[in-house]
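Novice: Whatever this is, show me its structure:
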Amino acid sequence: MEAISIPEQSSTTSELPKHEKYQVSVEEYITFRRQGFLVVKGLVSPEDVTELREHTEDLMAGRLPEQQKNMEGRDLSNDSGTTTQELEAPPDHLSDEEKAQYFLRIHMLHRHLALHERYMLHPRVLDVLEVLIGPDVLALQTMLFVKGPGKPGQGWHQDSYYIPTHPDSLCGAWIAIDDTDEYNGAMWFAAGSQNEPVYPPLEGYGFGNTNINEIAHVTGISDPNDSNNDLAKVADKYPQLLVSAKPGDVVFFGGHVLHRSKANRTTDRFRRSFVSHFCNARSFTQWGADIDAGNTNNSDAQDPITGMANGSHILARGDSHLPFARPRFGSNCAALLSPEERRRESEAIAAMMGDSESGMMGAKPADVTLVDED
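Specialist: Numbering: from 1, shown residues only. Down below sits the predicted model:
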């Protein structure tokens, strides 16, 4: 097998700009482990939320300079909720209200827009992820949700069903741009369901733990109609909690926890959010290979033998023995540090071993030549 190179930087050590680091509390850590999700109130500043909201409104109106192509002919009255538009502009003939309804959710714009890359790598969001799934964090995906009045929700699902990582360390970070509640389609979680396996599809696309004896194969995943969605029965075993949020609140949720949203039943309120997904940078994934031939910032986008796609994703914090990509737009993250700076964080881990001289456990330089005689 050919070796896959990890992207290197020059030997010059560089420091990332300092910010007011968010300190995760013991109670927050326990809450995430106990219920499968955690809401951190006001994690993103009002100034940042304003920037996100103004950007989203410009995108909805087709005012971004990058929106250079129009897509005519999409039937807005028959939008099933699965639209995954690329960076496009609403057709010019639509009214302002119709343009606002044109979008539902847009995937992976961090590969097209500097602002999306920057918010995917928001330092205070990474502070929390560093504790929950780190210390090494790989940034995988972005989604901008523009859930206007009348837009549908998404039925019960597990994110690891769509984005498998091995070891399984997937975690989402959901930044609220608007006030969200039960009326405009806030998220619901089946608290405690993070202990469930990932249920595999009966057929077609989707990942699941097929190596578990007698595990049920499921259909209708993400279908808002519970009678069509086999995971609704699993969710019914747990308390189902509505997560209302204010702008700047961030919801962190693991890849196994069952969650859903319902339709926006208001006539004049949006439920907009900026969502990113991450995993531990030491986890292997075949998901999300960046096949853009013009991209020269990545290492191997996908290994031709193993299918590894880690080289398409950005190292946000810490270090990794696996390939990773650097940010296209130069957003601050660990991928921009020198190898020496990144690996310095691992030295403390390597040093933790028993002090054989005293017979006590403690920190001592690791010596790979030592042999345990027990």
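Novice: which residues of the stretch 251-374 of the chain fall in helices?
Specialist: In the stretch 251-374 of the chain, the helices defined using DSSP state H, counting those that start in this stretch lie at 339-344, 347-351.
Novice: Out of those, which gets the lowest mean score?
Specialist: Of all the helices of the stretch 251-374 of the chain, the minimum mean pLDDT falls on helix 347-351 (a mean of 66).
Novice: Low-confidence bits of the stretch 51-200 of the chain, can you list those?
Specialist: 68-86 (pLDDT under 70).
Novice: Let me see the ranges of the helices in it.
Specialist: 96-102, 114-120, 123-132, 159-162.
Novice: Can you pull out the residues in contact with the longest one?
Specialist: What it means is helix 123-132. Outside helix 123-132, the residues that touch it by C-beta atoms under 8 Å, 6 or more residues apart in numbering are 16, 19-24, 29, 32, 38, 40, 43-44, 137, 171, 173, 175, 250, 252, 276, 278, 316-318, 332-333. The way it works is simple: take the backbone N, C-alpha and C, and place the C-beta from them, glycine included.
Novice: One more: the shortest one?
Specialist: Counting by C-beta under 8 Å, 6+ apart, helix 159-162 makes contact with 168, 170, 172, 198-199, 201, 206-208, 221, 253, 255-256, 277, 287, all of which sit outside it.
Novice: switch the cut-off to 10 Å
Specialist: Residues outside helix 159-162 that contact it (C-beta atoms under 10 Å, 6 or more residues apart in numbering): 141, 168-172, 197-201, 205-209, 218, 221-222, 231, 253-259, 275, 277, 279, 287.
Novice: which residue ranges form the strands in the stretch 151-300 of the chain?
Specialist: Applying DSSP state E, counting those that start in this stretch to the stretch 151-300 of the chain gives strands spanning 154-157, 171-176, 187-190, 240-243, 250-254, 259-261, 271-280.
Novice: Minimum distance to residue 99: which of the ones you listed has it?
Specialist: Nearest of the strands of the stretch 151-300 of the chain to residue 99, taken as C-beta to C-beta: strand 271-280 at 14.4 Å.
Novice: so what strands line up beside the closest one?
Specialist: strand 137-147 (antiparallel), strand 171-176 (antiparallel) (DSSP bridges).
Novice: buried residues in it?
Specialist: Within strand 271-280, the residues scored as buried using 16 or more other C-beta atoms under 10 Å are 271, 272, 273, 274, 275, 276, 277, 278, 279, 280.
Novice: and of the strands paired with strand 271-280, who's closest to residue 311?
Specialist: strand 137-147 (10.5 Å).
Novice: thinking again about what came up before, now which of the contacts of helix 123-132 would you call buried?
Specialist: Using 16+ other C-beta under 10 Å, the buried members of the contacts of helix 123-132 are 22, 24, 32, 38, 40, 43-44, 137, 171, 173, 175, 250, 252, 276, 278, 316-318, 332-333.
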